[in-house]
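Undergrad: Let me see the structure of the following:
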Amino acid sequence: MSNGIPRRAFVGQMAMAGAAFHIVPRHVLGGPGHQAPSDTLNVACIGVGGMGASDVRGMSDENIYALCDVDDTRAARSFNAFPQAKRYRDFRIMLERDGDNIDAVTVSTPDHTHTVAAMMALSMGKHVYCQKPLTRTIWETRQLASAAQDSGLSTQMGNQGHSWEGTRQIREWVEAGWIGTVREVQYWTNRPIWPQAIERPLETYHVPQHLDWNLWLGPAPERPYHPAYAPFNWRGWWDYGTGALGDIACHSMDAAFWALDLGYPTRIEPESTALFKETAPAVSRIVYHFPARGTRSAIKVVWRDGSLTPPRPTDLADGQRWPPGDSGQLWVGDEGTLVAGIYGDNPRLVNESRHAELMANPPDETYARTDGVYAEWIAACKSGGRAGSDFATHAGPLTEMVLLGNLAVRSAKTLEIDQSTGQVTNTAIPEEFIRPEYREGWSW
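TA: Purely as a prediction, here's the structure:
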């Protein structure tokens, strides 16, 4: 509240004094065009530049109570858009000082800080929205999914395509048999669009005045500042990011993971260009093998990055361009193929006449449409429900499946995996690949 009274205290005082009020303005009770304060979340946003700025805007129908970012320049757009919001650089201080006034938290930092921020928020009873991938390592994924399950709070990962109509259409079309039994799903992307397959730089740079480098590092090991890491190129560094696979696969693999109930693979076969100790390779091809499960058949999932593309579908008409874009997904069934964007957007059958027939006779909408990733999470926070990409049942398992591919690439070995536990059974994986060692002061 602007007068300094904590929100919950204010609500309590109003309840005690309620008998003294007989005429209440509509904007207090809510109604058409109005949202009552009691129905409004106080949201704190951690990481508000870049994609974080979009996440802040996604919360703008609620009360943007606090904004936190280690880079004043990157955060300026959000700071200027919400001048009434409190400003912080350290999310730990923000949550400690203002925790009683915060209902929900968004986490839009680099991957290596997702877990510590989200875990602290959950431990304080806050609903949490976290950008993809959910975490940087598999151990973190399991910790965060378990904490979310135990908390009873509403969580959501920012793989927005899961809430879009295209993902639901894909599942409805596949279940209605429009491409027959699915045998393969192929993915391709132009990522990385940042440097990878490089050694650690040796040049010395002064830390920009607008950046708190120590806070940017957060739980990661100390190293000197260099523009090779921040503000954007961190994705290719294993200490901070998860490479092209971690960046895109939580989007593109989402529809298949959900619609086909993929679970854990039993084998992953990696190929890549030269490996570097600290950075992801320039190009990789990763083949996941999923055995038959329930009523579905065995499925092969092929990931390609570095602008590698899958073979031309046999049912694509002569003269049609392939691939249709620099990133996408191709579902291969024994009666046809389906192509879509990385978010599951704009799905269509590759065979034009079959697609026209589908559009004329679409299957029933058996999966409810949503108002988008933000609205879905906000509604869950207010109702006590579960959002579509919640940490425990969807985002966590999806992220873990994706990150197993990075273990295969970094190990340069085919991995055999126990499908019931997700444990690698045929080789030892270095502990630091699975469970990070945090700097002092960054545990939860």
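
Undergrad: which ones are touching the closest residue to Ile198 other than its chain neighbours?
TA: Take Ile198 and drop its neighbours on the chain: the residue closest to it by C-beta to C-beta, 6 or more residues apart in numbering is Thr279, 5.4 Å away. Yep, even glycine has a C-beta here, placed from its N, CA and C like the rest. Shown in contact with Thr279 (C-beta atoms under 8 Å, 6 or more residues apart in numbering): 195-199, 236-238.

Undergrad: at 10 Å what do you get?
TA: Thr279 makes contact with 192, 194-200, 228, 233, 235-239, 241, 243 under the criterion C-beta atoms under 10 Å, 6 or more residues apart in numbering.

Undergrad: I only care about those that end up buried; give me the ChimeraX line for that.
TA: Buried residues within the contacts of Thr279, by 16 or more other C-beta atoms under 10 Å, are selected in ChimeraX with:
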select :192,194,196,197,228,233,235,236,237,238,239,241,243
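
Undergrad: Take the contacts of Thr279 and keep only those in helices.
TA: Counting by DSSP state H, the part of those found in helices is Gly243.

Undergrad: and Val43, how many residues sit next to it?
TA: By other C-beta atoms under 10 Å, 28 other residues sit near Val43.

Undergrad: Assign it to helix, strand or coil.
TA: In three-state terms, and counting by DSSP: H, G, I helix; E, B strand; the rest coil, Val43 is strand.

Undergrad: same deal with Thr337?
TA: Following three-state DSSP, the label given to Thr337 is strand.

Undergrad: Check the gap between it and Glu165 for me.
TA: 20 Å (C-beta to C-beta, to the nearest Å).

Undergrad: Neighbour count: those two, which is higher?
TA: Taking other C-beta under 10 Å, Thr337 and Glu165 do not tie; Thr337 has more neighbours (21 against 16).

Undergrad: Dig out what that one forms beta bridges with.
TA: Note on Thr337: beta-bridge partners by DSSP bridges are Val332.

Undergrad: Just the pLDDT at it, thanks.
TA: Per-residue confidence (pLDDT) for Thr337: 98.

Undergrad: surely it meets Gln186?
TA: Yes: when contacts are counted by C-beta atoms under 10 Å, Thr337 is listed as touching Gln186 (9.2 Å).

Undergrad: Can you pull the residues that touch both of the two?
TA: Listed contacts common to Thr337 and Gln186 are 313, 330-331; contacts here mean C-beta under 10 Å, 6+ apart.

Undergrad: For PyMOL, write the select line for the buried members of the residues you listed.
TA: Of the shared contacts of Thr337 and Gln186, the buried ones go into a single PyMOL selection, burial set by 16+ other C-beta under 10 Å:
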select buried, resi 313+330+331
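
Undergrad: wait, which of the shared contacts of Thr337 and Gln186 is closest to Pro430?
TA: Of all these, Pro430 sits closest to Leu330, with 33.6 Å by C-beta to C-beta.

Undergrad: gap between that closest one and Gln320?
TA: Leu330 is 13 Å from Gln320, by C-beta to C-beta.

Undergrad: Pull up the overlap in contacts between those two.
TA: Counting by C-beta under 10 Å, 6+ apart, the common neighbours of Leu330 and Gln320 are 312-313, 350.

Undergrad: what helix or strand is Val287 on?
TA: Using DSSP states H and E, Val287 maps to strand 284-290.

Undergrad: Give the next helix or strand downstream of that strand.
TA: For strand 284-290, the following helix or strand on the C-terminal side (DSSP H and E) is strand 299-304.

Undergrad: got the angle for that following strand vs strand 284-290?
TA: Between strand 299-304 and strand 284-290, the angle comes out at 170 degrees (axes from the mean of the first three to the mean of the last three C-alpha atoms, to 10 degrees).
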